[in-house]
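Asks: here is the input, now give the coordinates:
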Amino acid sequence: MARKYIIDGKTLTAEQVAALESPSDDQKRQFAKQAGLSDSTLQQIEAMAEALGPLVKTYVKDCVSPLIGRICQLESRPPVEWEVFDETKEYRSGVFVTHNGGMWISRSTSKGIRPGSAGQDCWRLCVKSGGAK
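Replies: Residues are numbered from 1 along each chain as shown. Just a heads-up that it's a prediction; the model follows:
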């Protein structure tokens with residue numbers, strides 16, 4: 001059974017105490033006393049949290065910033081490109097083409113390699129139709 005704390009006359013669990021928005025100094029002292037913490041220990045915890053806060057904020061920002069850039073890059077990319085295969089063009093990974101009646105997706109960057117060529121792994125057949133093998 002979860003331990004209960006009485007804060008401002010209300011019985012709360014530790015999770016409920018932690019969820020208090022902007023707890024007053026008095027509420028912090030009430031919790032600390034019931035949790036067996038001295039005023040000096042509470043002050044040390046608050047000082048540590050104050051010192052770590054900016055570091056955590058910077059760390060999260062540094063981790064999230066590249067992801068935001070990647071999401072923007074992905075969202076700005078055309079959803080699907082497709083065309084009739086042209087041996088003279090270079091195709092990057094993820095491009096769809098039609099060739100010999102089938103639809104193919106490029107698995108890697110290639111130029112001059114026909115979809116379905118024996119021994120080639122740069123194209124994958126998506127839809128088989130007609131003479132595609």
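
Asks: at which residues are the strands of the chain located?
Replies: Using DSSP state E, the strands of the chain run over residues 4-7, 10-13, 82-84, 90-91, 96-99, 102-106, 110-111, 123-127.

Asks: centroid residue for the protein?
Replies: The centroid of the chain falls nearest to L67 when counting by Cα atoms, centre = their mean (6.9 Å).

Asks: nearest to S38, out of the strands of the chain?
Replies: Proximity to S38 (Cβ to Cβ) singles out strand 4-7 among the strands of the chain, at 16.4 Å. Glycine gets a C-beta too; all of them are placed from N, C-alpha and C.

Asks: show me which residues of that closest one are buried.
Replies: By neighbour count on 16 or more other Cβ atoms under 10 Å, the buried set for strand 4-7 is Y5, I7.

Asks: now do that strand, average pLDDT.
Replies: Averaging pLDDT along strand 4-7 yields 93.

Asks: show me what it is packed up against.
Replies: Judged by 3 or more Cβ pairs under 8 Å, 6 or more residues apart in numbering; DSSP states H and E, strand 4-7 is in contact with strand 10-13, helix 14-18, helix 25-34.

Asks: which one of the ones you listed lies closest to G112?
Replies: Judging the helices and strands packed on strand 4-7 by Cβ to Cβ, what sits closest to G112 is helix 14-18, at 62.5 Å.

Asks: what mean pLDDT does that closest one have?
Replies: Averaged across helix 14-18, pLDDT comes to 89.

Asks: and that helix, how far from the chain's centre?
Replies: 28 Å (Cα atoms, centre = their mean, to the nearest Å).

Asks: also stretch 40-56?
Replies: With Cα atoms, centre = their mean, you get 28 Å for stretch 40-56.

Asks: buried stuff in that stretch?
Replies: Going by 16+ other Cβ under 10 Å, stretch 40-56 has these buried residues: L42.

Asks: contact partners of it?
Replies: K28, R29, A32, L37 (Cβ atoms under 8 Å, 6 or more residues apart in numbering).

Asks: thank you, goodbye.
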